[in-house]
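# coords below, sequence missing:
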């Protein structure tokens with residue numbers, strides 16, 4: 001008996017010694033570090049309210065667009081450089097004639113209800129876009145899809161055939177798909193009234209878990225990771241969005257610890273947001289231009305038709321002052337109609353700097369100068385150089401418009417600022433009933449400028465300015481049917497030079513998007529944004545809950 005007890009004691013002592021040796025070895029050769037672990041809820045505050053969580057309608061409302069980016073996915077998507085990459089489609093082939101595109105879907109793609117994604121979903125969604133009753137945003141290219149033949153090759157393969165080559169076509173395959181098995185039979189004209197719009201079933205990395213509404217207004221939405229998502233899974237357990245009437249109220253909600261993220265921080269609130277010690281503010285340039293569109297077709301505004309006048313209007317502006325004083329530095333002066341950093345952008349274009357003397361020379365050459373009658377510019381007929389600048393009621397845009405008017409006033413122009421709700425401004429644009437208007441031009445993805453500046457778009461398209469220039473239209477026509485990027489680049493180099501010489505619109509700046517996230521959320525990165533919803537591009541890497549792991553000293557040195 002004593003013999004067995006001694007052996008047991010000896011074994012215990014030996015075990016203690018071995019554990020001690022192991023711990024000593026680990027202490028000298030390994031260290032512990034924190035790594036991302038699963039779990040935690042990220043709560044973000046957004047100014048505005050969701051209306052249609054439907055990928056064919058979400059472009060009307062930024063809140064909808066933000067959520068749809070997490071809930072839905074398209075055949076393709078834009079990367080941070082505005083280039084097309086696979087999404088629901090794992091690959092595609094372009095025919096030699098550049099008119100046929102064959103897409104193969106991922107076999108492991110599922111809807112949030114577990115139903116597999118098939119070619120029927122593609123066919124169904126495109127049929128809605130092609131329908132005469134479709135009233136969705138023009139950004140989806142419904143007029144283009146009407147001219148595309150769609151074929152189901154097999155369960156996971158679909159083919160699109162165009163009437164003629166069209167280089168930007170892939171950009172129009174980024175729209176989110178709708179589930180045919182749930183919505184089959186839905187007419188395009190019924191899309192806005194679907195219960196689906198607040199109970200969405202998508203294919204994205206997150207799915208709807210909970211929606212709270214008060215008196216018909218959505219106050220909160222909770223999303224959870226979709227466990228059958230074909231892409232990288234998320235560390236976060238939940239994302240909760242809380243909705244507020246204004247950006248100031250979102251910032252207030254952060255300061256009272258109701259939210260951990262601020263969906264957008266307007267420049268006017270940046271100083272206050274920067275004072276929050278635990279808030280990290282991330283900034284990224286957007287693929288959007290702020291510009292003044294001039295109505296070149298108005299007979300009573302014939303001076304706008306003179307390129308010298310348009311150049312003079314540019315030289316009279318101090319755009320950097322607008323950025324510094326109104327936007328608190330949150331903008332980049334635009335020197336090209338293309339987004340800097342993208343493949344078509346031309347670096348060596350001449351810049352319009354603030355040059356009042358040059359502006360006066362150009363105005364005088366066009367017959368406008370300060371005469372004995374007073375400080376205002378007038379012509380020999382006694383007419384004054386005056387026009388109305390229309391903008392939305394958004395305070396930031398009003399401040400920009402008033403600053404522009406003040407700068408033009410110093411040059412002798414009489415510019416009156418008028419304000420209207422955003423819907424009325426859009427109506428004025430579409431009806432061509434404006435003199436000058438402060439607009440935002442979105443340019444994500446392919447830089448094709450056809451919708452804005454081709455002369456065939458003057459009557460019914462987005463060439464609201466009524467700009468006619470045969471060579472520019474020819475370049476645009478040729479570039480959009482060339483699939484060779486280098487040839488397109490050459491054409492667009494000429495286009496950009498002509499644009500900045502003719503000045504069909506007064507380019508101002510590219511806004512900078514500011515996004516706030518509490519330091520409790522780790523590994524947040526904001527890449528260049530094609531859209532504000534792209535702030536979630538790296539959300540699969542965000543984490544809250546740490547896990548402790550051993551790593552060797554050699555790994556520590558390498559890191």
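Yes, it's here. None of these values were measured; they are calculated from a predicted model.
# can you say which helix or strand has residue 310 in it?
helix 307-315 (DSSP states H and E).
# now residue 104
If you go by DSSP H and E, residue 104 is part of strand 100-105.
# could you do residue 290 as well?
Secondary structure (DSSP H and E) places residue 290 in strand 288-294.
# who touches stretch 127-135?
Stretch 127-135 is contacted from outside by 56, 136, 140-142, 145-146, 148, 150, 175, 178, 186-189, 191-192, using Cβ atoms under 8 Å, 6 or more residues apart in numbering. All C-beta atoms are positioned from the backbone trio N, CA, C, and that covers glycine.
# so where's the protein uncertain?
1-34, 372-373, 548-559 (pLDDT under 70).
# could you list the domains of it?
54-196, 200-285+515-548, 288-512 (automatic domain parsing).
# who wins for proximity to residue 40 among those domains?
For residue 40, the closest of these is domain 200-285+515-548, at 2.9 Å, according to Cβ to Cβ.
# between strand 100-105 and the next helix or strand after the strand holding residue 104, find me the angle.
Beyond strand 100-105 on the C-terminal side, the first helix or strand identified by DSSP H and E is helix 119-130. Counting by axes from the mean of the first three to the mean of the last three Cα atoms, to 10 degrees, helix 119-130 lies at 130 degrees to strand 100-105.
# list the buried ones in helix 119-130?
119, 121-122, 124-126, 128-130 (16 or more other Cβ atoms under 10 Å).
# same check, this time on stretch 333-344
Buried residues in stretch 333-344 (16+ other Cβ under 10 Å): 333-339, 342-344.
# swap in stretch 413-430?
Those would be 413-415, 417, 419-420, 425, 428-429, for stretch 413-430 by 16+ other Cβ under 10 Å.
# residues in contact with it?
In contact with stretch 413-430 (Cβ under 8 Å, 6+ apart) are residues 293, 316, 376-377, 384-394, 398, 401-402, 404-405, 408-409, 434, 436-437, 439, 464.
# just give me how far it sits from the chain centre.
23 Å (Cα atoms, centre = their mean, to the nearest Å).
# same question, stretch 58-69
Its chain's average C-alpha position is 10 Å from that of stretch 58-69, according to Cα atoms, centre = their mean.
# for the buried residues of helix 119-130, which one is nearest residue 329?
Nearest to residue 329 among these, with distances taken as Cβ to Cβ, is residue 129, at 40.4 Å.
# distance check, the closest one against residue 159.
Taking Cβ to Cβ, to the nearest Å as the measure, residue 129 falls 16 Å from residue 159.
# now swap in residue 382 and tell me
With Cβ to Cβ as the criterion, residue 382 and residue 159 are 65 Å apart.
# more crowded one of these two?
residue 159 (17 against 8; other Cβ atoms under 10 Å).
# picking up where we left off before, by how many degrees do the helix holding residue 310 and strand 288-294 diverge?
Here helix 307-315 runs at an angle of 130 degrees relative to strand 288-294 (the same axes, to 10 degrees).
# residues contacting the helix or strand following helix 307-315, please?
Counting by DSSP H and E, the next helix or strand C-terminal to helix 307-315 is helix 319-325. Applying Cβ under 8 Å, 6+ apart, the contact partners of helix 319-325 are 329-334, 354, 400, 403-404, 407, 508-509.
# out of those residues, which sit inside helices?
If you go by DSSP state H, the contacts of helix 319-325 have 400, 403-404, 407 in helices.
# of all those residues, which comes closest to residue 524?
Nearest to residue 524 among the ones in helices among the contacts of helix 319-325, with distances taken as Cβ to Cβ, is residue 400, at 29.2 Å.
# now do the contacts for the residue nearest to that closest one when sequence neighbours are not counted.
Computed as Cβ to Cβ, 6 or more residues apart in numbering, the closest residue to residue 400 that is not its neighbour in sequence is residue 326, at 5.3 Å. The contact partners of residue 326, by Cβ under 8 Å, 6+ apart, come to 267, 396, 399-400, 403.
# from those residues, pick the one nearest residue 492.
Nearest to residue 492, judged by Cβ to Cβ, of the contacts of residue 326 is residue 400 at 28.0 Å.
# can you pull out the strands in the stretch 401-550 of the chain?
Counting by DSSP state E, counting those that start in this stretch, the stretch 401-550 of the chain has strands at residues 414-420, 436-442, 505-518, 546-552.
# what about the closest residue to residue 457 other than its chain neighbours, neighbour count?
The spatial neighbour of residue 457 that comes closest, neighbours along the chain excluded (Cβ to Cβ, 6+ apart), is residue 463 at 3.8 Å. Per other Cβ under 10 Å, the neighbour tally for residue 463 reads 25.
# what's the distance between residue 463 and residue 476?
Taking Cβ to Cβ, one finds residue 463 at 11 Å from residue 476.
# what sits in contact with each of those two?
What both residue 463 and residue 476 touch, as defined by Cβ under 8 Å, 6+ apart, is the set 453-454.
# from what I see, residue 349 and residue 334 are in contact.
No: using Cβ atoms under 8 Å, residue 349 is not in contact with residue 334; the gap is 10.5 Å.
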